[in-house]
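Novice: Dropping a prediction and its sequence here:
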Amino acid sequence: MRLFVALALPDAVAQSLMLVQGGVPGARWQTRDQLHLTLRFIGEVDGRDTAMLDEALSSITAPAFELQLHGVGQFGNKQPHALWAGLRPSEALEHLQRKVDTAIRRVGQPQDSHKFTPHVTLARLRNPPMPKIVEWLTYNALYTSAAFRVDAFHLYSSHLSHDGSRYGQEQSYELGDDDGKVAD
Ligand code: 3AM
């Protein structure tokens, strides 16, 4: 199974993102079900490793926190391959990401060589029409979502299909109150 760890987005935030999904011909806009915020890509694992990962992720304690999406960007520089929404800086998010990364490395999964760049992918691009992309980036530069509470993170599976990736929530892990403990 191909796995990754991510945050889900509330419907209101997803709807606000869907309003900025347009204006770039040829872009493959992510559907509602594909929108998420990746904390850590894992990759292909077997059933035994999945069980170990689940156990490691279950043992994470971290506080729930507030997030707000803000701004947009692209990956790929002169050959953009993805458009995304960014986030207002969040120490709590970085803290959770480090905990998830450490837990995953401890059970023997290889390190992810990419630096963590918090984002929500909005579109994937094959033949980027540069002027339209510059226009889209400029027009949506001030995009800001409502603030929302993050009280869980999830282990997702990813299945490639002819119409893009299909993501499924395999497991969910609750975040706690301010001291990180999950309430009973
Ligand atoms: O959060 P997004 O959608 O930007 O690009 C993939 C996607 O990111 C990324 O993991 C998320 C879930 O598929 N991804 C895919 N292969 C990857 C790899 N080898 C990867 N990230 C790092 N290394």
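Specialist: Received, thanks.
Novice: Where do the strands of this protein begin and end?
Specialist: Assigned by DSSP state E, the strands in the chain fall at 2-7, 28-29, 37-44, 65-67, 69-75, 82-87, 120-124, 148-150, 152-161, 164-174.
Novice: Contacts only, for the residue most central in space within the chain.
Specialist: A centroid search over the chain (C-alpha atoms, centre = their mean) returns Leu37, at 1.6 Å, as the residue closest to the centre. For Leu37, the contact set (C-beta atoms under 8 Å, 6 or more residues apart in numbering) comprises 6-7, 9, 67, 87, 118-120. C-beta coordinates here come from the backbone N, C-alpha and C atoms, glycine included.
Novice: Bridging across strands, which residues link to it?
Specialist: As for beta bridges, Leu37 partners with Leu7 under DSSP bridges.
Novice: likewise Val150?
Specialist: Phe65.
Novice: so it makes contact with Ala6?
Specialist: No - applying C-beta atoms under 8 Å as the test, Val150 and Ala6 come out as separate, 11.0 Å apart.
Novice: ok, and does stretch 4-15 reach over to the ligand?
Specialist: Yes - against the ligand, stretch 4-15 shows contacts by C-beta under 6 Å from any ligand atom at Phe4.
Novice: Next, the distance between the ends of that stretch.
Specialist: 23 Å (C-alpha to C-alpha, to the nearest Å).
Novice: again, but for stretch 141-150
Specialist: So stretch 141-150: terminal residues 24 Å apart, C-alpha to C-alpha.
Novice: Buried residues of that stretch, list them for me.
Specialist: 143, 145, 150 (16 or more other C-beta atoms under 10 Å).
Novice: In JSON lines, list the residues you listed along with pLDDT.
Specialist: As requested, these are exported to JSON lines (pLDDT from 0 to 100):
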{"residue": "Tyr143", "pLDDT": "98"}
{"residue": "Ser145", "pLDDT": "98"}
{"residue": "Val150", "pLDDT": "98"}
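Novice: Let me know the average pLDDT across the lengthiest helix in the chain.
Specialist: What stands out as the longest helix in the chain, according to DSSP state H, is helix 91-106. On average, the pLDDT along helix 91-106 is 98.
Novice: Which other helices and strands does it contact?
Specialist: With contacts taken as 3 or more C-beta pairs under 8 Å, 6 or more residues apart in numbering; DSSP states H and E, helix 91-106 sits against strand 37-44, helix 47-58, strand 65-67.
Novice: Check which residues of the last one are buried.
Specialist: By neighbour count with 16+ other C-beta under 10 Å, strand 65-67 contains the buried residues 65, 67.
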